[in-house]
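*Asks:* Predicted model follows, preceded by the sequence.
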Amino acid sequence: MDSATALTLARAQFGLNIAFHILFPSLTIGLAWILVFFRAKYARSGDETWLAAYRIWTKVFALSFAMGVVSGITMSFQFGTNWPGFMNRVGNIAGPLLAYEVLTAFFLEATFLGVMLFGMNRVPGWVHQAATVLVALGTSLSAFWILALSSWMQTPAGHVIADGVLVAGDWLRVIFNPSFPYRFTHMMLASGLVASFVVSGLSAWRLLLAPGDAAARRSLRTGVLIAAALAPLQIVIGDLHGLNTLEHQPAKIAAMETIWKTEKGAPLVLFALPDEDRQRNDFAIQVPKGASLVLKHDPDAEVKGLDAFAPDVPPVAPLFFGFRVMVGLGLLMLFVAWAGVWLTRRGALPPRGFLWVFAGFTFSGWVATLAGWMVTEMGRQPWLVTGVLRTADAVGQISEAQLGASLTAYGATYALMLLAYIVVVTHLAGGGAGPRAPSEPMAKGAAA
């Protein structure tokens, strides 16, 4: 067995699994809090339009939550099958963090999701509202524990080595490691942006079919307002996160900015074709001293290049292009959101051309999130846990044929599942909330 090929296939398979999985939590975390808002607006006003919005987006949430659970279970199996060295070496830290996610977040979601989905006419109104809030809290708690583990793998802290394995010496330092506050905040804002663009995009699609749908108008307005508020915050947090990464993972920053050699007054490369063999940027468009100014806030400051970290350097091209996709798409999302706030003021219906723009940006948050996660995870290479465990030392003894076959099967299955999901949610949104079925009369006091 060619160990290098097996490692590449194992990484590709896990990358495919986590990329597919992250689509759904990145939506449900933010969407859950939007549902809390819709439910609270209905409770306070008694306006059936808010109830209609709540009903349609609850269906989208339920489907997305189920997809996230299924893909998450599949992904977790790979810790044992493809990466046994990971759990053997750091399982005393990773295991408890994953267990905390199940015991707190998942149990909270699973317990109250049924009440949220089916209990509106079976429990008092305040109980139903509380269930919606607790489900939203559960999604955020899930992100907390998963990002605590992910951040610890990027910037490990609080651990000690006993008998060749890592154990937690200080759980607070393990959880609140140097990059966790920035990574958690960045991901929560990203999830809010993903959800807000899905809500506004699918609402715009509904309005293209039925311009008089009041619930779709309010959902569109809600989505663009949330996106317009979160996008600038994301830019600020992203800059702080980048400075934190420069301090703790400077090789990742050097790859993102294609800084090949340590230099003072490093240029900011806007676009180039990185040549990793020759360690140069072809067809570069750059701003003189821009990287030093952005990274060190001093145009003449020295910035470490990839030569300072050889041979342990991450792949340059994926980080360079992934970062620019994330930033470029984020700026476009900011423009679309602010335009949406203006066009929907006082409940106005945007021109059809802009409704198509909103609809076209429905899943833009997914693309930006995937690009960001690619930068984050590939930028750690060749380490699985930075400075502690190399990726090559954690892979299991699986044949190339087995990995290739399972990778192909996963790819085909996930492509079909994603296509089916998009078709279903588009159909749900396009059909609107619909009339309430005779079996769904509002219980007395359900809006209270």
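*Replies:* It's in. Numbers count the residues shown, from 1 in each chain.

*Asks:* For Pro274, what are phi and psi?
*Replies:* Main-chain torsions, Pro274, degrees, to the nearest 10: phi -60, psi 130.

*Asks:* Would you mind confirming that it is in contact with Glu257?
*Replies:* No: Pro274 lies out of contact with Glu257 (C-beta atoms under 8 Å); the separation is 10.4 Å. No exception for glycine: its C-beta is placed from N, CA and C like everyone else's.

*Asks:* So between these two, which is more surrounded?
*Replies:* Ranked by neighbour count (other C-beta atoms under 10 Å), Pro274 and Glu257 place Glu257 first, with 26 against 22.

*Asks:* Which parts of the stretch 251-400 of the chain are helices?
*Replies:* 290-296, 316-343, 352-360, 364-378, 400-431 (DSSP state H, counting those that start in this stretch).

*Asks:* could you give me the average pLDDT of the last one?
*Replies:* This points to helix 400-431. Averaged over helix 400-431, pLDDT sits at 86.

*Asks:* starting at the chain centroid, how far to it?
*Replies:* 18 Å (C-alpha atoms, centre = their mean, to the nearest Å).

*Asks:* How about it, which residues are buried there?
*Replies:* For helix 400-431, the buried set under the neighbour-count rule, 16 or more other C-beta atoms under 10 Å, comprises Leu403, Ser406, Leu407, Tyr410, Tyr414, Tyr421, Val425, Thr426, Leu428, Ala429.

*Asks:* Excluding chain neighbours, what is closest to the fifth one?
*Replies:* Just to be clear, that refers to Tyr414. Phe20 (4.6 Å; C-beta to C-beta, 6 or more residues apart in numbering).

*Asks:* Now for that neighbour: which residues touch it?
*Replies:* Shown in contact with Phe20 (C-beta atoms under 8 Å, 6 or more residues apart in numbering): Ser71, Tyr414, Met417, Leu418.

*Asks:* Throw the residues you listed into CSV and include distance to Ala195, thanks.
*Replies:* Formatted as CSV, those follow (distance: C-beta to C-beta, whole Å):
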residue, distance to Ala195
Ser71, 18
Tyr414, 21
Met417, 20
Leu418, 17
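
*Asks:* Please identify which of those residues is nearest to Glu247.
*Replies:* Using C-beta to C-beta, Ser71 is the member of these that lies nearest Glu247, at 33.4 Å.

*Asks:* isn't Ile175 right up against Ala148?
*Replies:* Yes: here Ile175 lies in contact with Ala148, judged by C-beta under 8 Å, at a distance of 4.7 Å.

*Asks:* Identify the contacts common to the two.
*Replies:* Contacts common to Ile175 and Ala148, judged by C-beta under 8 Å, 6+ apart, are Leu97.

*Asks:* circling back to that earlier point, determine the residues that are contacts of both of Pro274 and Glu257.
*Replies:* Common contact partners of Pro274 and Glu257 (C-beta under 8 Å, 6+ apart): Phe320.

*Asks:* need the buried residues of helix 400-431 in JSON lines with distance to Leu331, can you?
*Replies:* Output for those, formatted as JSON lines (distance: C-beta to C-beta, whole Å):
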{"residue": "Leu403", "distance to Leu331": "38"}
{"residue": "Ser406", "distance to Leu331": "38"}
{"residue": "Leu407", "distance to Leu331": "34"}
{"residue": "Tyr410", "distance to Leu331": "33"}
{"residue": "Tyr414", "distance to Leu331": "29"}
{"residue": "Tyr421", "distance to Leu331": "27"}
{"residue": "Val425", "distance to Leu331": "26"}
{"residue": "Thr426", "distance to Leu331": "26"}
{"residue": "Leu428", "distance to Leu331": "30"}
{"residue": "Ala429", "distance to Leu331": "26"}
